[in-house]
Each structure stands twice: as structure tokens, then as C-alpha cells.
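Asks: predicted coordinates and the sequence they were generated for:
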Amino acid sequence: MNPRLRHLWEQVIQFWHDHQLPIALTASLVLAITMSILRNRQIARREWHHCARVLEVLPPADLTVRDTLHGAQRLWRDLHATTRSRLQRFLEGHPPLALEFWLLPGEIHARLWIPGTIPAGRAEAALRAAWPGCSIEQIPEDALSPQATTVGGTVGLHRAEQFPLDLAMSTVDAEVYRPWEALAAGLDRNECAVIQVLTRPAAGHRLRRYRTAVQRLNAGRQASSNVVLSALNSVVRELMDIITGHGPSTPKTRAAGQWRARSPQETALLRQVNLKASGQLWETSIRYTVASSNRGRQTRARLSGHTDTLFGVFAQFSSHNSLTRRRTRNPRAVLATRRLRRGVLLSIDELAALAHLPTRTPALVDYRARSIAAPAAATTSIEKEPR
């Protein structure tokens, strides 16, 4: 064994013999605190679901393509104020909101799942301010049948989250949900599809890491790297230095005047990256599932084709960054828990392009939605106008 490594091992053994009791007490205290925090978070998560509410939102009858995007931007900008304090996030966690689209045969229903931490009336006021004239109804929470055949997946980013999505499609034509309408029209009576957009305001360490990565991009370095791999790489490098007996290697730096000038395309991309980092950010995770009461290989093949249609909506936003998908083993349980461990950070514009009200629903045909009421000032002026 290398003399340096043997000497280090002897020092560790001697330190353990000299401080056994303090180390044991400190480890027990840390373990007890960790277990109590995890238990508190588990109880808080149960309260979120027990006191949660589900609101079905019907768009106003005169909702235009432009207003649906502007309304979604205002909604997420308004609900960003529901960010919890640092202490609450540490002790109880940060519950997400969930905008869900339920596709039934010939119908599309937009529903907003609200955790119990948000007071009653807060989300309703934000929805009415975003889309004046929309109809809001509280409904019981639905879930897919445990016996149903399900095929689903999750949506993620292909590149680092600092690179923005292409929103040209949504600004030109906000009818990005049109493939979902066509899919709903072709569903069988025993089939349904669910698209779930889980999102919460970005805050704390997650937001600081994102902005640090943006600063690295501006400095001409890599955006970000895996923290675990970086730490493991550092430990292995130090151990190899101890075993081989060599000192730490000094990093190579570029000489002055050798920095490569950025191209116009890179400059425009950095401008978009900085614009995204300067605004409000939402941590988001998108899931989708198609279910059927039938069984068999042909049923799963048909459901897999439906998932291609569902993901086709998200594939429209491809430019500097794009959305990719991966299969989920148990999509029914993933949808039911509504648990957001770690998502990607999206700007207000990106989230609004992915999660907004559709402009056309079967409810409009049944006159369940209503038009926007005339302003009071306009009504008064008409009444006072002499005949």
C-alpha cells in the first residue's frame, strides 16, 4: 500500500477511536431530524391531496386564438405569487398545480387541480382575471380504473433547460391542441386520454443553480453538469493522486487573446437564454396516458398510436431546444399521485404555450359557456344616451 494512503487510513482510525461518542451522538441527531422532516413532509402531502379541489374550466364563447395565450400568461404570472416561504419548502415541501386535459369520446375537458395549501377562491379569481367570462365548476376528482390497460409517458427537454423552446407556432396559431381534438373524435366508448401538466413556481436552490448555469453560458463554458458525477469525478481524481503519489494537476487555461469570437447565431441564442432567465420561471413536468377497458396486444398497439398523437402536440416546439418523451411503467399511479420530484424550468411564455385553454370545446356547442358581460361604464352610457 502507498505510504500516504496508509498514513491517511491510520489517521482516520485514530480519529474514530478518540471521538466515538460525539460521532455517534451527532449521527443519531442528524438521523432523527431527517426522519422527522420526512415524516412531516409525508403528512403534509396527505393534507394537500385530502383538501385538494378540482375545477373544470369552460372557455368563454368568444375566446379568440390570441386571447387564449395572453390569458394563460396572465394566469401563470398571477399564480406565481403562491410560492411558499423557504422554511415551508424545507419542512413540508412545495406542492404543484396540475392543469389536466381529459379526452373522452368527442369531448375535451380542461381541469385545474389545486392543492390544499392554496386558499379557496384564489385560483378562481386568477382564472376569471385570465379569461373573463369563463365558466368554473368544482367537480369530484376522477381517476383511471386500476383494471384498465394504460400506456403513457413523460415529456422532457432534449438539451439543457437554459435553451428556450420555439414559440413561433403558438404565436402564429394557438390551435396547437387541434390533434387532441381529432383524437377525441376518434376515441372508442371504452377509451380515454389524460394529459397532465404539473407545475410550481421555481424558487430556492433550484433557481440559483439555473441562473448559475446561465452565467456559465455567458462566460463561454458548459451550461451545467451532473452534480453527482462531478463530485464522484473529483473524489476519484484525488484518490488517484494519493495512490500514484502525484500532486494535483493544474487546470489548463487559454492564453490571452485566444478566445473565439461568438457567431451571430450564438449571440442571438444567448440573448434568448438571458431573456428567459430574467423572468419568472416554473418547474414543470408533463405526463400523458391513454387508457382502455379492453385487453390484448392489439389494444396496446392502438393505445401506443394514440400516445404518438398526444406527443405530436409537444413536438411542434422544436428549435434550439426540443421536447422528448420516455415511457412510464405505471402511468396510472404516476397520474394519481401528482408528485413533482424534479421538473424542467420553463418561462411564462413557454408554459403558456404548453398549458392554456383550448379555443373550441364541445361545451360551446351546448351553450354551456357564456359571453363576456358588457362593462358597467358602457352600459350606463347607452342608457343615458337620448333617443
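Replies: Nice, I can see it.

Asks: centre-most residue in this protein?
Replies: Most central in the chain under CA atoms, centre = their mean is Thr284, positioned 0.6 Å from the mean C-alpha point.

Asks: hang on, isn't that one packed against Gly343?
Replies: Yes. Applying CB atoms under 8 Å, one finds Thr284 in contact with Gly343, separated by 4.8 Å. Backbone N, C-alpha and C define where each C-beta goes, glycine included.

Asks: between those two, what contacts are shared?
Replies: Shared contacts of Thr284 and Gly343, defined by CB atoms under 8 Å, 6 or more residues apart in numbering, comprise 198-199.

Asks: phi, psi of the closest residue to the residue nearest to the centre of the chain other than its chain neighbours?
Replies: In this structure, Thr284 finds its nearest non-sequential neighbour in Thr199, 4.3 Å apart by CB to CB, 6 or more residues apart in numbering. Torsion angles at Thr199 (phi, psi; degrees, to the nearest 10) stand at phi -150, psi 150.

Asks: same question, Val151
Replies: For Val151, the backbone dihedrals (degrees, to the nearest 10) come out as phi -140, psi 130.

Asks: tally of neighbours for it?
Replies: Residue crowding around Val151 was assessed by other CB atoms under 10 Å; the count is 22.

Asks: from here on, count from 665
Replies: Let's use 665 as the start, then, which means that last one is Val815.

Asks: which residues does it bridge with?
Replies: Val954 (DSSP bridges).

Asks: which residues touch it?
Replies: If you count contacts by CB under 8 Å, 6+ apart, then Val815 has 953-954, 964, 967-968, 970-971, 995 around it.

Asks: what do you get for Leu755?
Replies: Counted by CB under 8 Å, 6+ apart, Leu755 has contacts 701, 704-705, 708.

Asks: need the mean per-residue confidence for stretch 854-868.
Replies: Regarding stretch 854-868, the rounded mean pLDDT is 90.

Asks: so which bits of that stretch are buried?
Replies: Residues 855-867 are the ones in stretch 854-868 that count as buried (16 or more other CB atoms under 10 Å).

Asks: turn the residues you listed into CSV, including distance to Pro783.
Replies: Shown next, in CSV, are these (distance: CB to CB, whole Å):
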residue, distance to Pro783
Glu855, 37
Cys856, 31
Ala857, 32
Val858, 27
Ile859, 27
Gln860, 23
Val861, 22
Leu862, 20
Thr863, 19
Arg864, 16
Pro865, 16
Ala866, 22
Ala867, 19
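
Asks: adding distance to Ser1011 and secondary structure, write those out as TSV.
Replies: As requested, the buried residues of stretch 854-868 are exported to TSV (distance: CB to CB, whole Å; DSSP: H, G, I helix; E, B strand; the rest coil):
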residue	distance to Ser1011	secondary structure
Glu855	34	strand
Cys856	31	strand
Ala857	27	strand
Val858	25	strand
Ile859	20	strand
Gln860	20	strand
Val861	14	strand
Leu862	17	strand
Thr863	12	strand
Arg864	14	strand
Pro865	12	strand
Ala866	10	coil
Ala867	15	coil
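
Asks: closest to Gln684 out of the residues you listed?
Replies: Gln684 has its nearest neighbour among the buried residues of stretch 854-868 in Ala867, at 40.5 Å by CB to CB.

Asks: thinking again about what came up before, tell me which element the residue nearest to the centre of the chain falls in.
Replies: Using DSSP states H and E, Thr948 sits in strand 945-956.

Asks: got the angle between that strand and strand 855-865?
Replies: Orientation of strand 945-956 against strand 855-865 (axes from the mean of the first three to the mean of the last three CA atoms, to 10 degrees) gives an angle of 170 degrees.

Asks: beyond the one helix or strand Ala691 maps to, next helix or strand please.
Replies: Assigned by DSSP H and E, Ala691 belongs to helix 684-714. Next helix or strand after helix 684-714 toward the C-terminus (DSSP H and E): strand 717-722.

Asks: helix/strand/coil for Gly780?
Replies: Under DSSP: H, G, I helix; E, B strand; the rest coil, Gly780 falls in the coil class.

Asks: for Ser1035, give me the pLDDT.
Replies: Confidence score, pLDDT, at Ser1035: 46.

Asks: try the one 5 residues further on
Replies: You'll see Ala1040 listed with a pLDDT of 50.

Asks: equivalent analysis for Thr1025, please.
Replies: pLDDT, Thr1025: 57.

Asks: ditto for the one 3 residues further on
Replies: At Leu1028, the model reports a pLDDT of 44.

Asks: just His910 next, same as before
Replies: The confidence metric pLDDT takes the value 57 at His910.

Asks: coming back round to it: how far is the strand holding Thr948 from where the chain is centred?
Replies: 8 Å (CA atoms, centre = their mean, to the nearest Å).

Asks: following element in sequence after that strand, please.
Replies: As assigned by DSSP H and E, the chain's next helix or strand after strand 945-956 is helix 961-978.

Asks: which secondary structure elements does that following helix contact?
Replies: strand 813-821, helix 842-849, strand 855-865, strand 945-956, strand 987-991 (3 or more CB pairs under 8 Å, 6 or more residues apart in numbering; DSSP states H and E).

Asks: closest one to Gln684 among those?
Replies: strand 945-956 (42.6 Å).

Asks: any idea how far Thr728 is from the residue nearest to Thr948?
Replies: Thr863 is 24 Å from Thr728, where distance means CB to CB, to the nearest Å.

Asks: all helices for the stretch 765-914 of the chain, in order.
Replies: 786-794, 832-836, 842-849, 869-882, 891-908 (DSSP state H, counting those that start in this stretch).

Asks: quick one: mean pLDDT over the shortest one.
Replies: In this case it means helix 832-836. Mean predicted confidence for helix 832-836 is 58.

Asks: kindly report the same for stretch 948-956.
Replies: pLDDT averaged over stretch 948-956 gives 91.

Asks: and if you look at stretch 752-761?
Replies: Stretch 752-761 comes out at a mean pLDDT of 85.

Asks: check contacts around the residue nearest to the centre of the chain.
Replies: By CB under 8 Å, 6+ apart, Thr948 lies in contact with 861-863, 1007-1010, 1015, 1018.
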